[in-house]
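[1] predicted structure and sequence below. I'll ask about it afterward.
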Amino acid sequence: MKTYRRRLIPSLLLLSLLVTLLVGCTRNVEPEEPGEIYPLTLVDSFDREVTVEKEPEVIVSLAPSATEILFALGLGDKVKGVSDVCNYPEEVLAIEKMGGYMGVDVERVVSVQPDLVIADSQTTKEVVEQLEGFGIAVLALKADDIEGMFSHIELIGEATNAKEEAEQLVQELQDRLQVVADKTKSLERPAVFYEVWHEPLMSAGKNTFINSVIEAAGGENVMVDAATDWPEVDLELLISKEPAVIILGHDGQSVDEAKARANWQTMPAAKEGRIYAVNPDIFNRPGPRLVDAVEELARLLHPGLFE
């Protein structure tokens, strides 16, 4: 028995020493670096492959919707240039302007040395190609509906290493839309005419984010059968569609001016006082505030349903 103990004790001491060494080694091992995602190749709305070489620290946005997405993702401090029409959130007003739909100042964009430029369908192909010629990654975006806007949030999140923030933002917006859907699903859907502009009279067709806003708010777009996305509308045709609600999605005229138009009093919306003016920046930009637009429109279409 004594012999067994003499043999066992050294063995236990040796085992204890090995365990100590292993634990010590484990504690000294440096944590693994997270996987490097850059360079990262993405596909934008125009099926263009765009390679982002490194995590963007300097971003230029040439589209108001993209600017609003970037700020919603907490990336506002990286935005060093915006378009002339970008005005939300308020911090954007102090950021250097890079031109707008009438023309982008390419030299000014290049001067801030951006790692990423985000454009939209209004940015000309020539401008995109010029920026790419300077080795700048340019994502061009075009949203046809609310789901397209969600895809843009996710794409921008991926490009800027803010994937988790993008997923969280999309989920929050989808949850808000679901609340509206649940409340309006069993209600009658009023006929809605959305006026993009008044001279000429223009509206939004089926393949537009405006149409998706109307449907998500529990309405029916009277121009859903239009041959084009942004059609000019004949007044006689509009009168024949008998819209129950008319939305003025521009700053061109007031509600009173719209009511005073020739023959407008023949439409149910005018007779019942259901012509409304809305903030065009919220309704006409495919950014996160489109969900605000859905909620506002749902209140107008279904008064009393939402507090």
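    Structure received. Residues are numbered from 1 along each chain as shown.
[2] helices of the stretch 101-250 of the chain, start to end?
    106-111, 125-133, 146-159, 163-184, 209-216, 235-241 (DSSP state H, counting those that start in this stretch).
[3] for residue 59, find the nearest of the ones you listed.
    helix 146-159 (9.2 Å; C-beta to C-beta). For the C-beta atoms, the positions are set from N, CA and C on the backbone; glycine is no exception.
[4] in that closest one, what's buried?
    146, 149, 150, 152, 153, 154, 155, 156, 157, 158, 159 (16 or more other C-beta atoms under 10 Å).
[5] measure the fifth one to residue 163 for me?
    Computed with C-beta to C-beta, to the nearest Å, the distance linking residue 153 and residue 163 is 10 Å.
[6] what does the third one give?
    From residue 150 across to residue 163, the span is 14 Å (C-beta to C-beta).
[7] what does the model give the closest residue to residue 134 other than its chain neighbours for pLDDT?
    Computed as C-beta to C-beta, 6 or more residues apart in numbering, the closest residue to residue 134 that is not its neighbour in sequence is residue 110, at 5.2 Å. The model reports residue 110 with a pLDDT of 98.
[8] residue 110: what's it in contact with?
    131, 134, 136 (C-beta atoms under 8 Å, 6 or more residues apart in numbering).
[9] can you report how many residues lie near the second one?
    Spelled out, it's residue 134. Per other C-beta atoms under 10 Å, the neighbour tally for residue 134 reads 14.
[10] ok, now the first one?
    Per other C-beta under 10 Å, the neighbour tally for residue 131 reads 22.
[11] ok, for it, nearest residue in space, not its chain neighbours?
    residue 138 (5.1 Å).
[12] what's across from the one you found in the sheet?
    residue 117 (DSSP bridges).
[13] what about it, how many residues nearby?
    For residue 138, the count of nearby residues is 23 (other C-beta under 10 Å).
[14] mind listing what it touches?
    Residue 138 touches 50, 116, 117, 118, 119, 128, 131, 132, counting by C-beta under 8 Å, 6+ apart.
[15] ok, the fifth one touching residue 59?
    No. Contact criterion C-beta atoms under 8 Å: residue 119 and residue 59 do not qualify, at 11.8 Å.
[16] so where's the stretch 201-307 of the chain uncertain?
    Low-confidence segments of the stretch 201-307 of the chain, defined by pLDDT under 70: 307.
[17] now the stretch 51-200 of the chain
    For the stretch 51-200 of the chain (pLDDT under 70), the answer is none.
[18] rewinding a little: from the buried residues of helix 146-159, which is closest to residue 76?
    For those, the nearest to residue 76 is residue 156 (12.7 Å; C-beta to C-beta).
[19] so the closest one sits against residue 70, correct?
    Yes. Contact criterion C-beta under 8 Å: residue 156 and residue 70 qualify, at 6.7 Å.
[20] overlap in contacts, these two.
    Joint contacts of residue 156 and residue 70 (C-beta under 8 Å, 6+ apart) are residue 118.
[21] touching, residue 43 and residue 49? I think so.
    Yes. If you go by C-beta under 8 Å, residue 43 and residue 49 touch, sitting 5.9 Å apart.
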